[in-house]
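**Q** My questions concern the predicted model and sequence given below.
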Amino acid sequence: MTRTMANPIIDTAATSKQPIMGIHSLEALLANIDGMVYRCLADKAWTMEFVSQGSLALTGHLPAELLGEKAIAFYDIIHPDDRDGVELAIQTSLENSRRYDIEYRILRKDGDIRWVSDRGTAVKRGDQGISILEGIIQDITKRKKADEDLLEAERRYRSIFENAVEGIYQSTLEQGYLAVNPALARTYGYDSPSQLISNLRDIGSQLYVDNGRRLEFMKIMDEHGIVSNFESRVYRKDGSVIWISENARAVRNEAGNFLFYEGTVEDITQRKANEAKIHFQATHDPLTKLANRALLQERLDQSIERARQEGKCVATVFLDLDKFKYINDSLGHQVGDELLLTIAERLRHCVRESDTVARLGGDEFVLVLVNQSNDKSVESTVQRVLADVAKPWSVNGMEVQVTCSVGISMFPAHGTDSTALLKHADAAMFEAKRLGRNNSQYFSENSNGVVTDGLEMVSSLRRAVENQEMLLHYQPKYDLRTGRMVGAEALIRWRHPKRGLVSPIEFIPMAEEAGLIGGIGEWVLQTACRQSRDWQNAGYPPISVAINVSPMQLERDDLVHQVATVLEQTGLAPELLEIEITESGMMRKVEHSMAVLQKLKNIGVRISIDDFGTGYSSLSHLKRLPLDTLKVDKSFVRNISSDHENHSIVKAIVLLAGSLKLKVVAEGVETEEEYKVLQNIGCDEMQGYFKGRPVPANCFAERHLDTGHLSWPAQKIAQLCAPNCHGLLP
Ligand SMILES: Nc1nc2c(ncn2[C@@H]2O[C@@H]3COP(=O)(O)O[C@H]4[C@@H](O)[C@H](n5cnc6c(=O)[nH]c(N)nc65)O[C@@H]4COP(=O)(O)O[C@H]3[C@H]2O)c(=O)[nH]1
């Protein structure tokens, strides 16, 4: 409002000075109006000419206080901060001949500040050129407060919307997104909410990875009016995929008509990854990342169910590595782990994507071959498994080879639930082991018997020594140059009360596992030493006797003491005792082996490596071990006359042994040809069926000892026992 208000522009009927009702009734009417009706000059002070009674309630001033030139200028009642605005509005109204409608604050007489609405008109009085303002001022403090509260609430909600870490949106089916917050734009990879809204038009096909996910969302929304924790995979702007969780509801107006969907979006990619990780850990073997027992059971159950519906077969293939423990112990756990990883990889390659490969722990694996129509298809996979597992594998510059024993059970022929199938495949695997390892066996009723027998065997093995069921057979060793018998190897047998003579191949591993090898080994040591001594006492020339010592005996601290005691008790010269230990057994704990063997060596006992060539001894170890003899494994002697590879291997071993000053004994010599080839190669000694099978002590004496030295009674005894000398076991 200009202070001069010099331009009267409106000349209305209100200025005609022709009242249309009596002055009193008009005043009464104005007094009843809520607010202050006024007429004033459009001058600097807003000099009031008329003020209605409402001024008291509005400003705290009586009308009289505001009227006339000496009175309080209304201009001064206007809040100082609002005066310029009010002035401008009035001025504009004057210039444009428009009504004014303004809101501002006034200072009441009591110091209170009130918001008022001032609506009025600038009128020209007659032709004097004086502008007059006529209007009504009303207290709108309450409304203003309400408006401000509303504004504040809106500001708060907008701030929440703008700054929320969760994505928030409003959308409709037809229009897509109506509004989204910056967090949602960020989550979906857009620069701003507006970019998201304009780019992401078809939510159903552009956003969700899984077709039909949007429809599913709508279906739930239609049914329940709300969607909770709706988890989906969605595409971000750059095409990458994330996981989100949505909570949404349908917003309706008071009449119940649908307006839009309103929802929040949380990026749960990390949570999903964590969940997946935890689930993976709970269902997979940590080393090989193959399925673990729990997942195997689950997959097997599912496969059985599907096969049942489709009339197909499922094969459960139980696989156990042969002699894995030796590799683990001799080459270390790290190498053992690498081997398991290699095997896991090979097994994965042997089966189809839909099959399952699981590791139960240790060296036990299970394959679930689904959708099989007959044993033939299973057989080809199993053969592939046997061949692939047995492929050589190189570690630390060495070539290592392992084989496996495989047991197979078929659904539905061998069981109709996962527990039975696993149990039966395990039993069949046990049978495969028994049959010499590196082969596969299908479950048969007999397999169960084998397992039960196994358990019974262990329990009777415990009492075998005290029940005097153990016996030793002796197999001669011959010098290949002189053709003379030079010693005997003691080989244990078990005369089982029901099963007859049992091979050490069958019960020694059992004794090792059941912790019975110590007692059995001690018995062998005593019996063999006493026997050698008895032969001498009977008048035969001193004969060297070799015993087999299991790696577990070697690991026991009392072996050296035991040997020394037995030698002392029997009076056998230490050099007549030879201790044979397998190559792999010796390498199990090579430093410990060296120490024990050195002590044995110190008391005069001779040491030989058995089954040489099948283990993993390194040259440096061979050099450091206190050895006397290398016994070449019979697998290299087999067909040595025609098998060039074997021929070269044995020749190389002879050369190696020569340079290490060790004697070489060839095992398993069965034919004259083999005998002659070994002679030509320069091998020192031989052992094998060609010269003699393992036989009981009395037969050994009769067949292989030089009876020329015997006094009559001993010779007589040897002759008397001769008829009993049929080989009970090879
Ligand atoms: N095919 C063929 N085989 C031949 C020939 N000559 C000997 N053999 C067999 O080859 C095995 C040689 O013993 P080994 O390699 O120490 O292998 C032994 C040894 O590792 C273990 N063993 C035997 N007695 C004992 C023992 O008292 N203690 C321990 N810890 N292990 C023993 O059991 C294994 C098997 O013993 P056996 O069944 O007696 O089998 C013996 C023997 O009967 C041949 O010309 N052809």
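**A** Sure thing, it's come through.
**Q** what residues are up against the closest residue to Asp322 other than its chain neighbours?
**A** Residue nearest to Asp322 in three dimensions, not counting chain neighbours: Arg437, with 4.2 Å by Cβ to Cβ, 6 or more residues apart in numbering. C-beta here means a position set from N, CA and C on the backbone, and glycine is covered the same way. Contact analysis of Arg437 by Cβ atoms under 8 Å, 6 or more residues apart in numbering lists 322-323, 403-405.
**Q** And those residues, which is closest to the ligand?
**A** Lys323 (12.0 Å; Cβ to the nearest ligand atom).
**Q** Please enumerate the helices of the stretch 601-730 of the chain.
**A** For the stretch 601-730 of the chain, the helices defined by DSSP state H, counting those that start in this stretch cover 619-624, 634-637, 644-659, 672-681, 697-704, 712-721.
**Q** and the ones you listed, which one is worst for confidence?
**A** Within the helices of the stretch 601-730 of the chain, confidence is poorest for helix 712-721, with a mean of 42 (mean pLDDT).
**Q** Would whatever helix or strand Glu489 lives in count as contacting the ligand?
**A** Per DSSP states H and E, Glu489 falls inside strand 485-496. Yes - shown here: strand 485-496 in contact with the ligand (Cβ under 6 Å from any ligand atom) through 491-492.
**Q** Show me which positions of that strand end up buried.
**A** Using 16 or more other Cβ atoms under 10 Å as the test for burial, strand 485-496 gives 485-494, 496.
**Q** swap in stretch 224-235?
**A** For stretch 224-235, a neighbour-count test (16+ other Cβ under 10 Å) marks 227, 230, 232, 234-235 as buried.
**Q** and if you look at stretch 74-91?
**A** For stretch 74-91, by 16+ other Cβ under 10 Å, it's 74-75, 77-79, 82-83, 86-87, 89-91.
**Q** and the buried residues of strand 485-496 as a markdown table, adding pLDDT?
**A** Listed next are the buried residues of strand 485-496 as a markdown table, based on pLDDT from 0 to 100:
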| residue | pLDDT |
| --- | --- |
| Met485 | 94 |
| Val486 | 94 |
| Gly487 | 95 |
| Ala488 | 97 |
| Glu489 | 98 |
| Ala490 | 98 |
| Leu491 | 97 |
| Ile492 | 97 |
| Arg493 | 95 |
| Trp494 | 93 |
| His496 | 88 |
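**Q** Of all pairs in those residues, which one is the farthest apart?
**A** Val486 and His496 (32.7 Å; Cβ to Cβ).
**Q** re earlier: now the buried residues of strand 485-496 as a markdown table including distance to Ala307?
**A** Formatted as a markdown table, the buried residues of strand 485-496 follow (distance: Cβ to Cβ, whole Å):
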| residue | distance to Ala307 |
| --- | --- |
| Met485 | 62 |
| Val486 | 62 |
| Gly487 | 60 |
| Ala488 | 57 |
| Glu489 | 52 |
| Ala490 | 53 |
| Leu491 | 48 |
| Ile492 | 47 |
| Arg493 | 46 |
| Trp494 | 43 |
| His496 | 41 |
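**Q** Among those, which one lies nearest to Gly521?
**A** Among these, and counting by Cβ to Cβ, the member closest to Gly521 is Ile492, at 9.3 Å.
**Q** who touches that closest one in this structure?
**A** By Cβ under 8 Å, 6+ apart, Ile492 lies in contact with 470-473, 504, 508, 520, 524, 548.
**Q** If Trp393 is in a bridge, with which residues?
**A** Beta-bridge partners recorded for Trp393 (DSSP bridges): Val400.
**Q** just checking, it touches Leu339?
**A** Yes - using Cβ atoms under 8 Å as the test, Trp393 is close enough to Leu339 to be in contact (6.7 Å).
**Q** Pull up the overlap in contacts between these two.
**A** 400, 402.
**Q** Look up which residues are beta-bridged to Cys313.
**A** Beta-bridge partners of Cys313, as defined by DSSP bridges: Gln372.
**Q** What is the burial count for it?
**A** 21 (other Cβ atoms under 10 Å).
**Q** ok, now which ones touch it?
**A** Taking Cβ under 8 Å, 6+ apart, one finds 307, 372-374, 378, 410-413 in contact with Cys313.
**Q** Next up, the contacts around the residue minimising distance to the centre of the chain.
**A** Nearest to the mean C-alpha position of the chain, by Cα atoms, centre = their mean, lies Gln281 at 3.2 Å. Gln281 makes contact with no residue under the criterion Cβ under 8 Å, 6+ apart.
**Q** hmm, try it at 10 Å
**A** Asn292 (Cβ atoms under 10 Å, 6 or more residues apart in numbering).
**Q** follow-up on the earlier one: what would the helices of the stretch 601-730 of the chain look like in CSV with distance to the ligand?
**A** Putting the helices of the stretch 601-730 of the chain into CSV (distance: least, Cβ to the nearest ligand atom, whole Å) gives the following:
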stretch, distance to the ligand
helix 619-624, 19
helix 634-637, 6
helix 644-659, 14
helix 672-681, 9
helix 697-704, 13
helix 712-721, 20
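**Q** need the residues of the stretch 251-400 of the chain near the ligand, please.
**A** By Cβ under 6 Å from any ligand atom, no residue of the stretch 251-400 of the chain approaches the ligand.
**Q** can you map out the helices along the stretch 251-400 of the chain?
**A** Under DSSP H, counting those that start in this stretch, the stretch 251-400 of the chain gives helices at 269-283, 293-310, 324-331, 333-350, 375-389.
**Q** which residues touch the shortest one?
**A** Think helix 324-331. 321, 323, 334-340, 343, 362-364, 395-396, 398, 400-402, 404, 509, 512-513, 551, 555, 582-590, 593, 615-617.
**Q** if we go to 7 Å?
**A** Outside helix 324-331, the residues within contact range by Cβ atoms under 7 Å, 6 or more residues apart in numbering are 335-336, 339, 363, 400, 402, 584, 587-589, 616.
**Q** try the second one
**A** Judged by Cβ under 7 Å, 6+ apart, the contacts made with helix 293-310 from elsewhere in the structure are 283-284, 291, 313-314, 316, 356, 358, 360, 366, 368, 370, 411, 417-418, 421.
**Q** Give me the buried subset of those residues.
**A** Buried among the contacts of helix 293-310 by 16+ other Cβ under 10 Å: 283-284, 291, 313-314, 316, 356, 358, 360, 366, 368, 370, 411, 418, 421.
**Q** Of these, which belong to strands?
**A** Counting by DSSP state E, the part of the buried ones among the contacts of helix 293-310 found in strands is 313-314, 316, 356, 358, 360, 366, 368, 370, 411.
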